[in-house]
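Q: Following is a predicted model, sequence given first.
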2 protein chains.
Amino acid sequence: MGKILSIGALATLTGCKVVTIRYYEQIGMLPEPGRSAGGHRVYDRHHLERLRFIRRARELGFPLKTVRGLLALSERADDAPCAEVDRMAATRLREVRAKIADLRALEATLERLLKQCGHTTLDECRILDAFRGEPVDAGV
Amino acid sequence: MGKILSIGALATLTGCKVVTIRYYEQIGMLPEPGRSAGGHRVYDRHHLERLRFIRRARELGFPLKTVRGLLALSERADDAPCAEVDRMAATRLREVRAKIADLRALEATLERLLKQCGHTTLDECRILDAFRGEPVDAGV
DNA sequence: ATAGGACCTCTAGCTGCTATAGGTTCAAGG
DNA sequence: CCTTGAACCTATAGCAGCTAGAGGTCCTAT
């Protein structure tokens, strides 16, 4: 059915903030909706679906630029091979894994620093020493 | 010894880019250095140490605001307890762990999507379906 | 009729840099 | 001493992805 939605309703349904919806419109991620007599934005099912798509892709960490590409492919939806979608997801997966590896190294370093801390005074703080000392690899 | 450094030399020694050093000066993270007759910045050992401190803290992901606090505590270096340093590091560790957990959920979702992909055509792409379908928890 | 919440536009701000333009200085080779 | 070209200078704008604020209008329920 052609249910009609205010921007606030759309925000509630998608978990997207009102200002973010307007921002997406501004940068062309969402088509301009209709307007009520008084100038309020009026959305329909298509906007809802598109915004949900965007939100989900964003939750997986795809940058907006990539989301645009995914939307384009989704709208095409013909019999072309979906290899490009696959590639985008694989790229994102590699990024996520790389980031996890980085963060794990940080985690180890921070754990080590915290363990070393004698809980004494500023002038003999081992954590501050670690920042001050001669160049050392932060990781390992 | 009172060795003198150009901004480029400082950049090389710290692994920090020249423009970033100027940026740090601009936002008050680094004190204004002396100048040569022609107006070039001239740094000394103190700048080098301070910048190294900043870099190391940044590598661990502390935001600049926190680095300011750490620098202040490092410069105090009296017999006050170092609990605050400890707290900052512990906070950062919690953030890192939370981020790792988030990313692992993303990793699992992306792996699942990629595994589902039948490598066929756009109109029956499972990955796109996942973005399009009804609301589902992305994780688990 | 009116209150107050939801909506409107516009501009500026956030983090942490990075990029560009258009010019000046410095150090090494001839 | 002079030239060349790398390194330096300032100033402004841009990136991602929103978020916040000011100052005003609309809509709906009582």
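A: Alright, I've got the coordinates.
Q: and A:L60, what are its phi and psi?
A: Dihedral pair for A:L60: phi -90, psi 0, per degrees, to the nearest 10.
Q: quick one, what contacts the residue in chain A positioned nearest to DNA strand C?
A: Nearest residue of chain A to DNA strand C: A:G8, at 2.4 Å (Cβ to the nearest atom of the strand). All C-beta atoms are positioned from the backbone trio N, CA, C, and that covers glycine. Taking Cβ atoms under 8 Å, 6 or more residues apart in numbering or on different chains as the criterion, A:G8 is in contact with A:V18.
Q: What is the subsequent helix or strand relative to the longest helix along chain A?
A: Taking DSSP state H as the criterion, chain A has its longest helix at helix A:83-116. Next along the chain after helix A:83-116, taking DSSP states H and E as the criterion, comes helix A:126-132.
Q: Give me the pLDDT value at A:M1.
A: The model reports A:M1 with a pLDDT of 53.
Q: Which positions within the lowest-mean-pLDDT helix or strand in chain A qualify as buried?
A: The weakest-scoring helix or strand in chain A, judged by mean pLDDT, DSSP states H and E, is helix A:126-132 (a mean of 91). Residues A:126-128, A:130-131 are the ones in helix A:126-132 that count as buried (16 or more other Cβ atoms under 10 Å in any protein chain shown).
Q: How about that helix and DNA strand C, touching?
A: No - using Cβ under 7 Å from any atom of the strand, helix A:126-132 never reaches DNA strand C; the gap is at least 14.6 Å.
Q: Can you report how many residues lie near the residue in chain A that DNA strand D sits nearest to?
A: Residue of chain A nearest DNA strand D, by Cβ to the nearest atom of the strand: A:G38 (2.3 Å). When counting by other Cβ atoms under 10 Å in any protein chain shown, one arrives at 5 neighbours for A:G38.
Q: same check, this time on A:V18
A: Counted by other Cβ under 10 Å, the residues lying close to A:V18 total 14.
Q: ok, it - contacts?
A: Residues counted as contacts of A:V18 (Cβ under 8 Å, 6+ apart) are A:7-8, A:11.
Q: In terms of secondary structure, what does the longest helix of chain A contact?
A: Secondary-structure packing of helix A:83-116 (3 or more Cβ pairs under 8 Å, 6 or more residues apart in numbering or on different chains; DSSP states H and E): helix A:64-76, helix A:126-132, helix B:83-116, helix B:126-132.
Q: Make CSV from these and add distance to A:G15 to it.
A: Listed next are the helices and strands packed on helix A:83-116 as CSV, based on distance: least, Cβ to Cβ, whole Å:
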stretch, distance to A:G15
helix A:64-76, 16
helix A:126-132, 39
helix B:83-116, 16
helix B:126-132, 15
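Q: Please dump those into JSON lines; it should also carry distance to DNA strand D for every row.
A: As requested, the helices and strands packed on helix A:83-116 are exported to JSON lines (distance: least, Cβ to the nearest atom of the strand, whole Å):
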{"stretch": "helix A:64-76", "distance to DNA strand D": "3"}
{"stretch": "helix A:126-132", "distance to DNA strand D": "25"}
{"stretch": "helix B:83-116", "distance to DNA strand D": "14"}
{"stretch": "helix B:126-132", "distance to DNA strand D": "15"}
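Q: Would you quantify the distance from the residue nearest to A:E107 when sequence neighbours are not counted to A:T109?
A: Leaving aside its chain neighbours, A:E107 sits nearest to B:V96 (5.0 Å; criterion: Cβ to Cβ, 6 or more residues apart in numbering or on different chains). Distance, B:V96 to A:T109, using Cβ to Cβ, to the nearest Å: 9 Å.
Q: before we move on, what about A:L73?
A: Going from A:L73 to A:T109 by Cβ to Cβ gives 40 Å.
Q: Which one's more surrounded, the two?
A: Neighbours were counted for A:L73 and for A:T109 using other Cβ under 10 Å; A:T109 has more, 22 against 19.
Q: my guess is that one contacts B:G61, does it?
A: No - counting by Cβ atoms under 8 Å, A:T109 does not reach B:G61; the two are 10.0 Å apart.
Q: about what we covered before: contacts only, for the residue nearest to A:E107.
A: A:103, A:106-107, A:110, B:61.
Q: ok, A:A72 to B:F131 distance?
A: Distance, A:A72 to B:F131, by Cβ to Cβ: 12 Å.
Q: Residues in contact with both of those two, list them for me.
A: Contacts common to A:A72 and B:F131, judged by Cβ under 8 Å, 6+ apart, are absent.
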